[in-house]
Structures are given as C-alpha cells and as structure tokens.
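Trainee: Let me see the structure of the following:
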Amino acid sequence: MPKKIEHELEVLSNQKNVSRSEIIKEALVEYMAKEKTYNQPFLTGKKYFGKHGSGDHNRSVSYKSEIKAKIREKRSD
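Mentor: Numbering: from 1, shown residues only. Modelled structure (predicted):
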C-alpha cells in the first residue's frame, strides 16, 4: 500500500478510535454494494423508464397483432 494512503489510514484510525482493519472492511462492504448496483442495467436507467410514455397502455400486449395488421395492409396496396 502506498505510504501516503497508509499514513491517512493510520490518522483516520486514530481519529475514529477503530482498527485499520475495521476501516478497510467498512470500505470494502460499501464498494461491493455500489458495484452490485452498478452492474444492474435496470437500476442504472430506472429514473428514465416510463418518463416519456406513448399513452398506449396496451402496446406490450398487442404489438404482434398490430404488426401483422400493418403487413396485411401493406400487401393489399
């Protein structure tokens, strides 16, 4: 570990009156929790989903039949 980080860890350890190991464990737990959410694409884009809806609440149910109708319509031209 770089001397500067080791020194800062020692100072923080003394300030908080906890062991250096405890500080490192806490940092690792926080880092791993952050990485779990980082690797979940849904959580990354959650604030954007549904923000600009089409107003068509049946779209996910009826999309196949709508596509078939458009194809039939195009072929009949």
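Trainee: chain center to the helix or strand harbouring E35, what's the gap?
Mentor: Secondary-structure assignment from DSSP states H and E places E35 in helix 20-38. Here helix 20-38 shows a centroid-to-chain-centroid distance of 17 Å under the convention CA atoms, centre = their mean, to the nearest Å.
Trainee: could you dump the helix or strand following that helix to CSV, C-alpha only?
Mentor: Next along the chain after helix 20-38, taking DSSP H and E as the criterion, comes helix 41-45. Extracted C-alpha coordinates of helix 41-45, given in CSV (Å, rounded to 0.1, in the frame of the first residue of the first chain):
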residue,chain,number,x,y,z
PRO,A,41,-28.6,-2.1,-16.0
PHE,A,42,-32.2,-1.7,-14.9
LEU,A,43,-31.2,0.2,-11.8
THR,A,44,-28.9,2.4,-13.8
GLY,A,45,-31.7,3.5,-16.1
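Trainee: avg pLDDT for the helix holding E35?
Mentor: For helix 20-38, mean pLDDT is 89.
Trainee: and it, what does it pack onto?
Mentor: helix 3-16, helix 41-45 (3 or more CB pairs under 8 Å, 6 or more residues apart in numbering; DSSP states H and E). For every residue, glycine as well, the C-beta is placed using N, CA and C.
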